[in-house]
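K.L.:
structure for the following, please:
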Amino acid sequence: MNTDKLFNLLKRTIIFVASIIILAVIAYLIYVYGGSLKFLVSGKAKQTNAFEDYDVVKRYGSGIYNVEFRDLITSAGGMERHYYRYDLTVQAEDQPSADKMIDTRKQVITLINGVMSNFETSEMNTEAERNRVKKIIQSEITGHYPNIKVKDIYFTNFLYD
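P.N.:
Now for the predicted structure:
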């Protein structure tokens, strides 16, 4: 009987130690990889929704200050029901302009959508026509926000139906 008790005690001790080791390994993995498991939000971010800042992405480097507005959807002008879906990148002349654009992104997106909704899809077929629309968007942004200096505007992922 003594050996059975000793065997059971040894068995429970091994299970207990194995459980502690497994928990330690899991805790270590969470500690090491925890930074990349925070819903893809940086450690400095305070939002709880990982998609909160999806609508705008800043890309700064080598004197270039790009602010990318993603997945904009606008109804096209005209009597028929058509829609634009596009990404638009605004290249600012300096970092303060880009930062101000990010801070006021909802208003800037409203300005962009307001301009785009005035043009039918047939008016966006050539580069010259798109350049004219980009100039209007630029003048709208700088007209409402004189401290934002826009260098250029680029359409990307431009689709319409």
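
K.L.:
where along the chain do the helices fall?
P.N.:
2-33, 95-103, 105-116, 127-144 (DSSP state H).

K.L.:
any chance of those in TSV with mean neighbour count as columns?
P.N.:
For every residue, glycine as well, the C-beta is placed using N, CA and C. Compiled in TSV, these are given as follows (neighbours: other CB atoms under 10 Å):
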stretch	mean neighbour count
helix 2-33	10
helix 95-103	17
helix 105-116	16
helix 127-144	15
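
K.L.:
ok, which of those comes nearest Asp71?
P.N.:
Smallest distance to Asp71 across those (CB to CB): 10.3 Å, for helix 105-116.

K.L.:
quick one: average pLDDT of the closest one?
P.N.:
On average, the pLDDT along helix 105-116 is 89.

K.L.:
what is the burial count for Phe119?
P.N.:
Residues lying near Phe119 (other CB atoms under 10 Å) number 19.

K.L.:
repeat for the one 5 residues further on
P.N.:
Neighbour count of Met124, defined by other CB under 10 Å: 19.

K.L.:
not counting sequence-adjacent ones, nearest residue to it?
P.N.:
Arg130 (5.8 Å; CB to CB, 6 or more residues apart in numbering).

K.L.:
you'd agree the one you found is up against Phe119?
P.N.:
No. Between Arg130 and Phe119 there is no contact under CB atoms under 8 Å: 9.4 Å.

K.L.:
low-confidence regions, this structure specifically.
P.N.:
1, 31-54, 78-79, 161 (pLDDT under 70).

K.L.:
hmm, try it at 50
P.N.:
Residues of the chain that meet the criterion pLDDT under 50 lie in 35-47, 49-51.

K.L.:
the domain parsing of the chain - what is it?
P.N.:
2-37, 56-160 (automatic domain parsing).
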